[in-house]
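# sharing a sequence plus its predicted fold:
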Amino acid sequence: MRPAGLNPRLYAFLLDWVVRLAVIYGVAVVAEFLGGLGTAVWLILIFLLEWFYPVAFELLPSGATPGKRVFGLKVVMDNGLPVTVAASVTRNLLRFADFLPFMYGFAIVTMLTRRDCKRLGDVAAATLVVHDSRATGRPPLQDVAPLPPVRPLTPSTQAALVALAVRAPRLTAERLDELAAMAAAVSNDAGRSGRDVTLRVLGVGHWILGRRP
Amino acid sequence: MTPLAFEQRYQEEWQELERLLDTLPTPAWRRAAADRPVPAVRLAALYRRACGHLALARARSYPADLIDRLDRLTARGHQIIYHRHEVGLRPLARIFTRDFPSAVRANAGYVAVAAAVFAVPALVLGLLVYWRSDLILSVVGSDQTARFEEMYSASAASIGRSRDARTDWMMFGFYIRNNIGISFQCFAAGLFFGLGSIFFLAFNGAFGGALAGYLTERGLAGTFWPFVATHSSFEVTAIVLSGAAGLKIGHALIAPRRATRRQALVRATRDSAPIIYGITAMLVVAAAIEAFWSSSRWVWPSVKFVAAAGCWTAVILYFVRQGRYRETGRAD
């Protein structure tokens, strides 16, 4: 789980804000015809949207307001569990403190200074806004002849070669050649580059991945 | 072991876990309603193994997509296995029969301080303004003073509201939005080492006190006091309690005792959650009383005072007595 930074959270907030504004204006048009009772419903609705709009959506299985869902975010507890009622309520009431001194000043400062990018309400309620990662899947490996490395490789070199072999189908041929040239020593091609070198470096990557001729 | 061999070897276990998680509906209540036995032992075993595989895959720097797949798989399992089921009617009822009053008792010290921070400015300003009524202008402007006088004048159609407010219902909506908002602010501002709560408590106390002193001095006591007596039992108590919750989280930041500031803050916030639920309900009740009962002309002031006495007694008894038996396990 990766904590979400200021930018996606800001976009999500703005989108939610527009949604709320649209609902408030929509209901205002209808409430106009209902007199006092309509005004009451409208005022209560404003109150509910002000304080409890995020709570209602965060407690659904998706754990996200519509804005957060559009930008692929969700709210979870620090320990990765779904957000609890108490945590959702408190993190959203403390939004008032985050809003001060103006335009979410404290929220922006705390989010920018913390590694986990929490605002004050998140710190107090022990919640976290994370990217809701979707399945990435692995593109099918390229058809490359596996090649044993010419010398023993350190674990980090092995990891880099594996990563390169897996990412290869997503890279342009030129970029792939550039990257492979950096690792050319593993197939005794140090200093050289080109399509053949790339195939040999990828071949070593495939060998480490576990493919055998 | 190479990444491909690793994947080959444990593939089936991961797929089985994925299938198991797929058969479990995500919301807990729907799972309970389905009433299907969950192969819990198998699920737990597969989950534990998948966690081990994730740790291995990370330590051995296996391909990112493999780590990502295991990460999502274990996160899903974690959410389902460790999820606390807390939503329902019984937990909701328990908040009011036990959690709320017992949280208030447990934090009696903060409640006392908050009450003092609210009451002292109220009394001081009330007496000052009663003694010299032009002092009210140091709290509110002259046009607002005139509007207050009009709201509580003996000729007003309903007490305590301006002329443009058309109906009781409209005022109900207004009180909900305004009063609960003020109360939430009292709580949230406590995050600034309690100073914000002190400010909002003192400010609201001073404002109310000045208003009461001014209207009493202008001879409007006959409409003002019967108006506020009943609903203030819920409203003032709720604002003081929200301030007390704010002071509690502020105090946790100043003096975290044997915990880090963050741990102390998290604990204080979690412990004040029942108070927040409770005051929200109290303020809805207060808004209803204020809109439909307090403002009515047809109820005699004496009846309102009797009702007020009843409400104050009920509120105080509720916080002193309610849920004591369940707290200690015996009657006392």
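Here it is on my side, so go on.

# where do the strands sit along chain B?
Taking DSSP state E, chain B contains no strands at all.

# going along the chain, name the helices of it.
Using DSSP state H, the helices of chain B run over B:3-23, B:28-34, B:40-59, B:64-82, B:89-94, B:100-106, B:108-131, B:142-151, B:168-188, B:195-217, B:221-254, B:261-289, B:301-321, B:324-328.

# select from those the stretch with the lowest mean pLDDT.
Lowest mean pLDDT within the helices of chain B: helix B:28-34, at a mean of 56.

# how does the chain divide into domains?
Assuming you mean chain A. Using automatic domain parsing, the domain parsing of chain A gives A:6-131, A:155-209.

# actually, chain B is the one I wanted.
By the assignment in automatic domain parsing, chain B contains the domains B:3-82, B:98-328.

# need the ones you listed in a markdown table (columns: mean neighbour count and distance to chain A).
In this view, the C-beta of every residue, glycine as well, is placed from N, C-alpha and C. Shown next, in a markdown table, are those (neighbours: other CB atoms under 10 Å in any protein chain shown; distance: least, CB to the nearest CB, whole Å):
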| stretch | mean neighbour count | distance to chain A |
| --- | --- | --- |
| domain B:3-82 | 15 | 3 |
| domain B:98-328 | 19 | 3 |
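
# element containing residue A:128, please.
Using DSSP states H and E, residue A:128 sits within strand A:127-131.

# does chain B sit close to that strand?
No - Strand A:127-131 lies out of reach of chain B by CB under 8 Å from any CB of the partner chain, never closer than 9.5 Å.

# mind listing what's buried along that strand?
Judged by neighbour count (16 or more other CB atoms under 10 Å in any protein chain shown), strand A:127-131 contains these buried residues: A:127-130.

# counting contacts, what elements does the helix or strand that comes right after that strand pack onto?
The helix or strand immediately downstream of strand A:127-131 is helix A:155-167, counting by DSSP H and E. Here helix A:155-167 touches helix A:195-209, helix B:64-82, going by 3 or more CB pairs under 8 Å, 6 or more residues apart in numbering or on different chains; DSSP states H and E.

# and with 10 Å instead?
helix A:173-182, helix A:195-209, helix B:3-23, helix B:64-82 (3 or more CB pairs under 10 Å, 6 or more residues apart in numbering or on different chains; DSSP states H and E).

# got the ones you listed as a markdown table, with distance to residue A:32 columns?
Compiled in a markdown table, the helices and strands packed on helix A:155-167 are given as follows (distance: least, CB to CB, whole Å):
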| stretch | distance to residue A:32 |
| --- | --- |
| helix A:173-182 | 60 |
| helix A:195-209 | 67 |
| helix B:3-23 | 48 |
| helix B:64-82 | 44 |
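
# out of the ones you listed, flag the one nearest residue A:113.
When those are compared by CB to CB, helix B:64-82 sits nearest residue A:113, at 26.8 Å.

# about what we covered before: nearest to residue A:202, of the helices of chain B?
In terms of CB to CB, the element of these nearest to residue A:202 is helix B:3-23, at 14.7 Å.

# ok now the closest one, how far from the chain's centre?
Here helix B:3-23 is found 44 Å from its chain centre; the criterion is CA atoms, centre = their mean, to the nearest Å.

# same question for stretch A:112-132.
How far stretch A:112-132 lies from its chain's middle: 13 Å, per CA atoms, centre = their mean.

# average pLDDT across that stretch?
pLDDT averaged over stretch A:112-132 gives 92.

# what's the end-to-end length of that stretch?
Using CA to CA, to the nearest Å, the end-to-end distance of stretch A:112-132 comes out at 21 Å.
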